[in-house]
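K.L.:
model this:
(2 chains)
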Amino acid sequence: MATRHDTAAAPPAKEGGAAPARPPVESPETLRKRARLSRRWQRDVRWSPYAFVSPFFLLFVAFGMFPLIYTAWASLHTVELTAPTDMEWAGLRNYTRIFDDEFYWNAAKNTLTIGIISTVPQLMMALGIAHLLNYKLRASNFFRVVMLAPYATSIAAATLVFVLLFGRDYGMINWFLGLFGIDNIDWQNDKWYAQIAVSSIVIWRWTGYNALIYLAAMQAIPQDLYESAALDGASRWKQFLHVTLPSLRPTILFTVVVSTIGASQLFAEPLMFDANKGASGGPQHQFQTLGLYMYEQGWVNQHLGRASAIAWTMFLILIVVGIINYVISRRLRASS
Amino acid sequence: MTTTITKPPADATPEPPKNGRRKRGLKAGRAGGQHHAGPIAYAILIVFTLVSIFPLFWTAIAASRDNARLAETPPPFWFGANLFDKLEVAWTDANLGEAFLNTTIVAGVSSLTIVFLSTIAGFAFAKLRFRGRGALMLIVIGTMMVPPQLQVIPLYMMVAELDWTDQLQAVILPSLVSAFGVFFMRQYLIQALPDEIIEAARVDGASSWRVIWHVVFPAARPAMAVLGMLMFVQTWNDFLWPFLVLTQLGNPTVQVAVAGLGRGYTPDQALIMAGALLSTLPLLLVFAIFGKQIVGGIMQGAVKG
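P.N.:
Numbers count the residues shown, from 1 in each chain, chains lettered A, B, ... in the order given. Predicted coordinates:
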């Protein structure tokens, strides 16, 4: 990593007399022969790239890399929230505990099911909306901007409204369903309905955003692909299936990965969806996610070591997702 | 992670970087579609638009009512008389004045810093040759995958050790690491900044900092603006970390303050909605004004931030 003095090696101003750009790497012998100005020049060209990237990496090491490794270290210890510096070696006990912990597995299952309920409809709807936005439209900018309003809304604000909309006795959604003769649904306490309600917050916030990403990718598809498909007599639906979808595969894969990462970290929605704003994810833990469970273990039960172990299992899950993504995208590239 | 995410519209030629770029991005959108949209397409889009707006609109309606009215069937569909009262009470109860100031400082400082650091790092990755460039870029991309939960615990210990609880720098400093920003600026500068301009400046004897100042910043300005807005939205809405290190009574950001509104045995729902509305209003304003540019930026970057 580059250090501070690189910055000093880049003189703030230099008038005339400097040599034209040279290849950055040269042997020290030739360097020494050059005029002083030219030497500064060389140093500038050679080291300033490191100066430019170093602030990011310094911050990353301090606030990204170090915490990552330290979490692993903490997960091997018994650490209390009240005295985070008193660490007592625990070996793998935090991890073995997790495997026997029914609440951990419950949270893992919930994270998975909420992840599926929120991601799959979200991305499919986004794909459909993007397809419609790709038509020649009046007021297309209006549609695009309005679709982003949920993205601008904070999780806290969105969740608070949805709690009211999903109210059991007087909520707007139950009232609406009542018009069709459906009895009031207990969106808080029934496990599956609660998970659907939490997922709907995620879906609401991110569908428009993903639609824009798909739209950008659709616009990059060469027009002649459609023209030749049309010449072959393919209907619009066939064109969508055989031209649009295959061209979007890398983008779809990307959004799936990003949404999976987002879903695995779900925290604020289930936290604030709970009527009592507790970390249990409903009285029967019916919508407690791993993120929430980690918070409960660390900050409610004050076991930071155990929370660290939970965090690392979440990271391992993500690494597996990353590897699957890598394999699939290689397959895709090989097949096309 | 995939780097071949989404290429910007094919017409991304570099020249005049100012506003020509944005306009072209959006125009390309219209030319990209093959057919005119039919009435069904419009109908679906309008329904989707209504669903996108309705919860926000209803937040304002609920904020203008009271608990009694919100516990009736059917629920209210239009404004009552209490809106400004409730907004005022929410403002004072949740200490929102201070919270807004805090959030503005946090979001402002971090987005400006991120934009500056990302631009110089993105420029180095896009246009300069140096040993280790590929490997370092891989690290940047890999960083985007590390979940915040993994960092929270040691950061919390650091903050406790430094006695930074309830202080804004505890929120600002960790938020400055934005791999997304570096990646975003790199992608933009690769195509928006012709090598010849840099070389011309070099031949004139400009040092690297002068090149940054006089060539890179002017060329990158539109992308810097978009990145700045995206980062502002992100830090404004950030929840988990501020929630852990800032307390509601100490020095809260807006999200932390609003999360604490209306607890208790019979919470005042209208009050909660008023707080939620206030917390989102500044961002909706930003989107109303710069919506087109933000849309263009998201479509060009096409990466979730």
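
K.L.:
Name the helix or strand for the residue nearest the centre of chain A, please.
P.N.:
Centroid-nearest residue in chain A, with Cα atoms, centre = their mean: residue A:262, separated by 4.1 Å. Taking DSSP states H and E as the criterion, residue A:262 maps to helix A:245-264.

K.L.:
can you pull the buried residues of that helix?
P.N.:
Of the residues in helix A:245-264, those scored as buried under the neighbour-count criterion (16 or more other Cβ atoms under 10 Å in any protein chain shown) are A:247-264. In this view, the C-beta of every residue, glycine as well, is placed from N, C-alpha and C.

K.L.:
go on, stretch A:264-279?
P.N.:
Using 16+ other Cβ under 10 Å as the test for burial, stretch A:264-279 gives A:264-274, A:279.

K.L.:
Tabulate the CA atom coordinates of it in CSV.
P.N.:
Extracted as CSV, the C-alpha positions of stretch A:264-279 are listed here (Å, rounded to 0.1, in the frame of the first residue of the first chain):
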residue,chain,number,x,y,z
SER,A,264,-29.5,-12.2,3.8
GLN,A,265,-28.9,-9.0,5.7
LEU,A,266,-32.5,-8.1,6.2
PHE,A,267,-32.7,-6.3,9.6
ALA,A,268,-34.6,-3.0,9.8
GLU,A,269,-37.8,-4.1,8.2
PRO,A,270,-38.5,-7.1,10.6
LEU,A,271,-37.2,-5.1,13.6
MET,A,272,-39.7,-2.3,13.0
PHE,A,273,-42.5,-4.4,11.8
ASP,A,274,-42.8,-5.9,15.2
ALA,A,275,-45.5,-4.0,17.1
ASN,A,276,-43.3,-3.8,20.2
LYS,A,277,-40.2,-2.9,18.2
GLY,A,278,-38.4,-5.8,19.8
ALA,A,279,-35.7,-7.9,18.3
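
K.L.:
Please tell me how far it is from the chain's geometric centre.
P.N.:
18 Å (Cα atoms, centre = their mean, to the nearest Å).

K.L.:
what's the answer for stretch B:116-131, then?
P.N.:
22 Å.

K.L.:
That one and chain A, any residue contact?
P.N.:
Yes: counting by Cβ under 8 Å from any Cβ of the partner chain, chain A is contacted by stretch B:116-131 at B:117-118, B:120-121, B:123-125, B:128-131.

K.L.:
Could you do stretch B:42-58 as well?
P.N.:
Yes: applying Cβ under 8 Å from any Cβ, one finds stretch B:42-58 touching chain A at B:42, B:44-45, B:48-49, B:51-53, B:55-56, B:58.

K.L.:
Can you select the buried ones from those in ChimeraX?
P.N.:
In ChimeraX syntax, the buried subset of these is picked out as below (16+ other Cβ under 10 Å):
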select /B:42,45,48,49,52,55,56,58
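
K.L.:
Redo the residues of stretch B:42-58 next to chain A as JSON lines? Include pLDDT.
P.N.:
Output for the residues of stretch B:42-58 next to chain A, formatted as JSON lines (pLDDT from 0 to 100):
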{"residue": "B:42", "pLDDT": "92"}
{"residue": "B:44", "pLDDT": "93"}
{"residue": "B:45", "pLDDT": "93"}
{"residue": "B:48", "pLDDT": "94"}
{"residue": "B:49", "pLDDT": "93"}
{"residue": "B:51", "pLDDT": "93"}
{"residue": "B:52", "pLDDT": "93"}
{"residue": "B:53", "pLDDT": "92"}
{"residue": "B:55", "pLDDT": "93"}
{"residue": "B:56", "pLDDT": "92"}
{"residue": "B:58", "pLDDT": "90"}
